[in-house]
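1. Quick check, what structure comes out for this input:
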Amino acid sequence: MTDKETKPKKTPKRAEKAAAATKYVKVTLVRSLIGYPRVQWETAKGLGLRKLNSHAVLKETPETLGMVHKIIHVLKVETVEKP
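-> Down below sits the predicted model:
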């Protein structure tokens, strides 16, 4: 056996800090998407929203925030600590 196999692996401190600093966003569909372009329907579907007053708790990433910004006029957005 080599030394690499016997030593326990350490988790980097940066990964622990990143996991602790993860923010979440709760988005709720409050207006109907009838009459809006198909792209906006698909964006809501991608966020996990299907019906009125349905909600999803998502990680606050640039991708998610971009999708939220695209259909902000039909959403209610809240910041939450953990899902």
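2. Mind checking what secondary structure the residue nearest the centre of the chain has?
-> The residue lying closest to the centre of the chain (Cα atoms, centre = their mean) is Leu58, at 2.5 Å. Following DSSP: H, G, I helix; E, B strand; the rest coil, we place Leu58 in the strand state.
3. burial count for Leu29?
-> Neighbour count for Leu29, taken as other Cβ atoms under 10 Å: 21. Backbone N, C-alpha and C define where each C-beta goes, glycine included.
4. which residues touch it?
-> 44, 49-55, 74-75 (Cβ atoms under 8 Å, 6 or more residues apart in numbering).
5. would CSV of those residues with pLDDT and neighbour count be doable?
-> Below are these laid out as CSV (pLDDT from 0 to 100; neighbours: other Cβ atoms under 10 Å):
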residue, pLDDT, neighbour count
Ala44, 97, 21
Leu49, 97, 21
Arg50, 95, 10
Lys51, 95, 7
Leu52, 97, 12
Asn53, 97, 9
Ser54, 97, 14
His55, 97, 16
Val74, 97, 18
Leu75, 97, 20
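6. Which one of those is nearest to Val27?
-> Leu75 (5.2 Å; Cβ to Cβ).
7. who are the neighbours in contact with the closest one?
-> So Leu75 contacts 27-30, 49, 68 (Cβ under 8 Å, 6+ apart).
8. Pick the one among the residues you listed closest to Glu81.
-> The closest of those, once distances to Glu81 are taken by Cβ to Cβ, is Val27, at 15.6 Å.
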